[in-house]
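Engineer: Here is my input; please provide its structure:
(chains A and B)
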Amino acid sequence: MKRTHTCGALGVADTGKTVRLNGWVHRTRDHGGVHFLNLRDRYGITQVVIGEEAPEALRALAASLRMEYCIALEGVVLERPQAMKNPSMVTGEIEVSATRIEILNTSEAVPFTIDERSDARDDVRLTYRYLDLRSFSMQRKIALRHTVMQTVREYLSSLDFIEIETPTMIKSTPEGARDFLIPSRLHPGQFYAMPQSPQLYKQILMASGFDRYFQIAHCFRDEDARGDRQLEHSQIDLEMSFVGKDEVFAVIEGMMTRVFHKGLGVDLETPFPRIPYDDAMNRYGSDKPDLRFDLELQDFAAFVAGSGFGVFENALAAGGAVKALVVPGQAGFSRKQITDLEETARTYGARGLAWTKVTRDDSGSITFEGGIAKFFAPRAGDIAAALGAGEGDLLLFVADQWKVAVTALGAVRSRLGHNLKLIEEGTFRFAWIVDFPLFEYDQDEDRWTAAHHLFSMPQAQYLETLESDPGSVKGDLYDLVCNGFELASGSIRIHDPALQQRVFQIVGFDPDEARRRFGFLLEAFRYGAPPHGGIAPGLDRLVMIMAGEESIREVIAFPKTATGVSPMDSCPGPVEEKQLAELGLMLAPRNTGNGPAGGDTPGKDPEGKAPDGNDREA
RNA sequence: GGGGGUGUAGCGAAGUUGGUUAUCGCGCCGGCCUGUCAAGCCGGAGAUCGCGGGUUCGAUCCCCGUCACUCCCGCCA
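Structural biologist: Coordinates of the predicted model:
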């Protein structure tokens, strides 16, 4: 009984037609004489009615239907009596009076119901992901992801980009994130790595003359996952020859414009504002600021001298910074609320969060009250004026090394943005963060490392001081941020082997080592490699933001948990001794007994295996 | 590696300042019901209170350990 319509298709115009529908029993309502069922498929829900005039066999069959039975049925489309129309349903003006029902497959009682109210824990949802994905909300998000991918492919193709796949088994590059390794059977003791990105290959493709490349690429990084980070994720990876960052920005702005228009019907304003990294850090305390609310950090150094407040004075004397945040109208904050904010600041390395409240004294002049008031009250008027603060405002301060101070206060800013509901929902505030530092100093290893990656172009004005002052070198590096998330990251690349060598040297690669690791790239660049640059928007985060979600797990069909486990298929799992032997591998002894899918995992094992998980250890 | 939160029936939750019978909603099973659309009404089954250990006459509750999920710091070229 093949379907003639989907469950979201029928309307009053179809009245009188004999139709066939296929789908799942979403819900049943048995009134004894008359029986209703809601039939669901990807496209919607249609009410089916089996009246008392129906043959006894059909009524018995209808009564036996349970949630999530997969059925086919034939019936006649009827316009519902006026009072029985349901305006909250797309198909609410009609119903299908069934004449025939066939059960295609029964269903056990489902662990959770397939509707918008179902609120099962993440691990339960992931164990039964196939049921979770039946919900309209998941189907919408996965479909949105499809629309985004299609729009991207269409758009980039129209601009002469060529989609090219690159290997997923590559050479391990120790710089950067931890690699996932694949042991080689044919070369015992040797390993492939899963790519952290197609970086080297896309640069080689530029050397190959494919001057516009893209790929929706899977990237693998063996680091601890987060809500916005999975062990494997997808990037819209692209690279262009003969361009500077303006051309890259224009391509991405055009892409985002189309993607948001097609996916959400939202029209973005372009060009996106550009914010230098230093500004972003100083104003928002983050290199991925949430621009949906203001609340900017301010510099407080000018008022520290002579205040007598040792904490601030010492921070400045040590070359650090004192940053202030004006929280308008929140002088009523309790001690507890301030302590909570201080905890946030401490998480990011600050030793404390100083505060005071702006008020007026008996004479009506601006003064401070509470916290560090006594050090700054004498100049309260000047300070308030300079910070743009007024009566009833709360002032918050962090004094520390510059990066700690801005980052910690930036975290407080972000926290306040959420707590005080300063964020306008449903808005998308994009910006380019530009002029990132090229190098960072690694205290632990006592050496300079690449802040982004090794192949980004230093800006021309720093070429002479590259070796003498790496810390001040800005690169042609850029991130696209939106609503507090890093949505894309890219750079103009080095195409000159000599300059590339200098960068390698600064991060401590001697020429031999550089040649061993990246020799093929240097070699390729000796044959007329064009200037080039690119960027890679994260597909999962993009769709997550568009869907209004806070975790990329919500927009990935089969994601892993925060610990990298897939509860549905018990992955990762052990392998047989024989497989290890073929690879020339032996397991080191471990003191912990249980694997990641250990014995007391809640929920029943879908295959009814031994509940202690021993089957997985074999 | 570190810190916070959570874990009670298939699912979501309440609860016990330590007390013998652990509660509610949904789902499930049975019955009733002619217009519902989160249908309604009556009845029923279903829980080693994540797991292990300790304290106690007695632990779901307190303590220690552990596992899982989750958020955060670190990490994430």
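Engineer: What lies in contact with stretch A:352-363?
Structural biologist: Around stretch A:352-363, the neighbours that count as contacts under Cβ atoms under 8 Å, 6 or more residues apart in numbering are A:311-312, A:331, A:333, A:338, A:341-342, A:345-346, A:366-373, A:376, A:380, A:384, A:389-399, A:408, A:412. Quick note: C-beta positions are derived from backbone N, CA and C, even for glycine.
Engineer: first vs last residue of that stretch, how far apart are they?
Structural biologist: 33 Å (Cα to Cα, to the nearest Å).
Engineer: next one: stretch A:230-248
Structural biologist: Using Cα to Cα, first and last residues of stretch A:230-248 are 26 Å apart.
Engineer: Now do it: distance to the chain's middle.
Structural biologist: Remark: stretch A:230-248 is offset 17 Å from the chain centroid, using Cα atoms, centre = their mean, to the nearest Å.
Engineer: Now A:A250: closest residue in space that isn't a chain neighbour?
Structural biologist: Leaving out its chain neighbours, the residue that sits closest to A:A250 by Cβ to Cβ, 6 or more residues apart in numbering is A:P271, at 7.8 Å.
Engineer: Need the three-state assignment for the one you found.
Structural biologist: Classification of A:P271 by DSSP: H, G, I helix; E, B strand; the rest coil places it in coil.
Engineer: Could you check how many residues crowd around it?
Structural biologist: Number of residues near A:P271 (other Cβ atoms under 10 Å) recorded here: 11.
Engineer: same question, A:G265
Structural biologist: Residue crowding around A:G265 was assessed by other Cβ under 10 Å; the count is 7.
Engineer: same check, this time on A:G32
Structural biologist: 7.
Engineer: Spell out the residue ranges of the strands in the stretch 351-500 of chain A.
Structural biologist: A:354-360, A:366-369, A:394-400, A:430-434, A:439-442, A:447-450, A:477-482, A:485-492 (DSSP state E, counting those that start in this stretch).
Engineer: Of the contacts of stretch A:352-363, keep whichever come out buried.
Structural biologist: With burial judged by 16 or more other Cβ atoms under 10 Å, the buried subset of the contacts of stretch A:352-363 is A:311-312, A:331, A:333, A:338, A:341-342, A:345, A:366-368, A:370-373, A:376, A:380, A:384, A:389, A:393-399, A:408, A:412.
Engineer: quick check, the top helix by length along chain A touching RNA strand B?
Structural biologist: Ranked by number of residues, the top helix in chain A under DSSP state H is helix A:136-158. No: under the criterion of Cβ under 7 Å from any atom of the strand, RNA strand B is not reached by helix A:136-158; the shortest gap measures 13.0 Å.
Engineer: residues in the stretch 1-150 of chain A within reach of RNA strand B, list them.
Structural biologist: Applying Cβ under 7 Å from any atom of the strand, we find that the stretch 1-150 of chain A lies next to RNA strand B at A:27, A:29-34, A:36, A:38, A:47, A:49, A:51-52, A:66-67, A:80-81, A:83-86, A:88-89, A:92, A:95, A:109-113, A:117-124.
Engineer: rewinding a little: ok, and of the contacts of stretch A:352-363, which contact RNA strand B?
Structural biologist: When Cβ under 7 Å from any atom of the strand is taken as the criterion, no member of those contacts RNA strand B.
Engineer: Name all residues that make contact with whichever residue of the stretch 251-400 of chain A sits closest to RNA strand B.
Structural biologist: Residue nearest to RNA strand B within the stretch 251-400 of chain A: A:T347 (4.8 Å; Cβ to the nearest atom of the strand). Taking Cβ under 8 Å, 6+ apart as the criterion, A:T347 is in contact with A:408, A:411.
Engineer: pLDDT at it, what is it?
Structural biologist: Turning to A:T347, the model gives it a pLDDT of 93.
Engineer: Out of the residues of the stretch 1-150 of chain A next to RNA strand B, name the ones that lie in strands.
Structural biologist: Members of those lying in strands (criterion: DSSP state E): A:27, A:29-30, A:36, A:38, A:47, A:49, A:95.
Engineer: Which two of those have the greatest separation?
Structural biologist: A:D30 and A:E95 (15.4 Å; Cβ to Cβ).
Engineer: Compare those two (neighbour count), which wins?
Structural biologist: Set A:D30 next to A:E95 and count neighbours by other Cβ under 10 Å: A:E95 wins out with 24 against 14.
Engineer: Show the contacting residues for the nearest residue to the more buried one once chain neighbours are set aside.
Structural biologist: The spatial neighbour of A:E95 that comes closest, neighbours along the chain excluded (Cβ to Cβ, 6+ apart), is A:Q47 at 4.4 Å. A:Q47 sits next to A:36-39, A:86, A:89, A:91-92, A:94-96 when contact means Cβ under 8 Å, 6+ apart.
Engineer: do A:G320 as well
Structural biologist: Applying Cβ under 8 Å, 6+ apart, the residues near A:G320 are A:399-402, A:404-405.
Engineer: change it to 6 Å
Structural biologist: A:400-402 (Cβ atoms under 6 Å, 6 or more residues apart in numbering).
Engineer: Most neighbours among those residues, which one?
Structural biologist: When those are compared by neighbour count (other Cβ under 10 Å), A:D400 ends up highest, at 24 neighbours.
Engineer: Quick check: beta-bridge partners of that one?
Structural biologist: Beta-bridge pairing of A:D400 under DSSP bridges involves A:A321.
Engineer: residues making contact with stretch A:58-66?
Structural biologist: For stretch A:58-66, the external contacting residues (Cβ under 6 Å, 6+ apart) are A:25, A:28, A:35, A:50, A:101.
Engineer: For RNA strand B, what's the nearest residue on chain A?
Structural biologist: Relative to RNA strand B, the nearest point of chain A is A:G176 (2.2 Å; Cβ to the nearest atom of the strand).
Engineer: what about that residue, which SS state?
Structural biologist: Per three-state DSSP, A:G176 ends up coil.
Engineer: Give me the distance between it and A:A98.
Structural biologist: Distance of A:G176 to A:A98, computed by Cβ to Cβ, to the nearest Å: 60 Å.
Engineer: Would you mind telling me which of the two has more residues around it?
Structural biologist: The neighbour comparison of A:G176 against A:A98 (other Cβ under 10 Å) goes to A:A98, with 24 against 16.
Engineer: can you give me the helices for the stretch 201-350 of chain A?
Structural biologist: For the stretch 201-350 of chain A, helices defined by DSSP state H, counting those that start in this stretch occupy the ranges A:245-264, A:277-284, A:310-317, A:335-347.
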